[in-house]
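In: how would this look folded up:
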Amino acid sequence: MNYRLVLAVFVFSIFVPALMAVTPGPAAVKKSKVAGKITVVPSSDNLQRVTGDISSVDLPNKTITVKVKNETVKLVLLEKTRVVIGSKMEKQQVLKEKMKVVVYYIPRNGKNEATRISIEPVAVKTPEPLKE
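Out: Residues are numbered from 1 along each chain as shown. From the prediction side, this is the model:
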């Protein structure tokens with residue numbers, strides 16, 4: 001028996017249906033008013049994304065405001081809101097003004113409920129070697 005053929009059929013039968021199940025159709029993608037910054041990503045929950053700088057943080061009231069070009073988006077922090085720097089989970093207390101973030105949120109009942117906040121890591125300059 002040809003093992004390459006068996007392996008090819010196995011890979012095809014496992015991965016192709018999985019890829020087809022997670023690939024959204026063209027009707028699931030919607031356009032945004034502000035091109036490239038506030039976008040609607042495919043989801044049954046109307047998940048949206050905003051990219052910008054944090055302009056205010058109010059942890060006692062569980063809200064942050066993200067500035068995008070010339071407008072702001074107010075977001076509500078939930079207990080289940082995940083804050084991530086790179087691949088590391090952080091607490092909501094690390095959120096500070098002027099941080100560059102990507103926030104995924106769901107508009108519900110007139111509020112934008114943040115589900116995930118990705119913080120862009122701060123670039124660290126490596127010092128130049130000492131000249132002798």
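
In: got any ranges where this protein has weak pLDDT?
Out: 1, 15-45, 122-124, 132 (pLDDT under 70).

In: which stretches in the chain count as strands?
Out: 38-40, 48-58, 63-68, 71-85, 88-90, 100-108, 111-119 (DSSP state E).

In: got those strands as a markdown table, with mean neighbour count and distance to residue 8 columns?
Out: Just so you know, the C-beta spots here come from the backbone N, C-alpha and C atoms, and that holds for glycine as well. Below are these laid out as a markdown table (neighbours: other Cβ atoms under 10 Å; distance: least, Cβ to Cβ, whole Å):
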| stretch | mean neighbour count | distance to residue 8 |
| --- | --- | --- |
| strand 38-40 | 16 | 38 |
| strand 48-58 | 17 | 37 |
| strand 63-68 | 20 | 47 |
| strand 71-85 | 16 | 37 |
| strand 88-90 | 10 | 39 |
| strand 100-108 | 17 | 37 |
| strand 111-119 | 19 | 37 |
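
In: my guess is residue 83 contacts residue 101, does it?
Out: No. Residue 83 is not in contact with residue 101 according to Cβ atoms under 8 Å; the separation is 9.1 Å.

In: which residues do the two both contact?
Out: Shared contacts of residue 83 and residue 101 (Cβ atoms under 8 Å, 6 or more residues apart in numbering): 117, 119.

In: about what we covered before: take the strands of the chain and lay them out in TSV including distance to residue 7.
Out: Output for the strands of the chain, formatted as TSV (distance: least, Cβ to Cβ, whole Å):
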stretch	distance to residue 7
strand 38-40	39
strand 48-58	39
strand 63-68	48
strand 71-85	36
strand 88-90	37
strand 100-108	38
strand 111-119	37
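
In: of those strands, which approaches residue 128 most closely?
Out: strand 100-108 (25.8 Å; Cβ to Cβ).

In: now do that closest one against strand 48-58, angle only.
Out: 100 degrees (axes from the mean of the first three to the mean of the last three Cα atoms, to 10 degrees).

In: wait, which of the strands of the chain is closest to residue 130?
Out: strand 71-85 (31.1 Å).

In: now do the closest one against strand 63-68, angle only.
Out: If you take the same axes, to 10 degrees, strand 71-85 sits at 110 degrees to strand 63-68.
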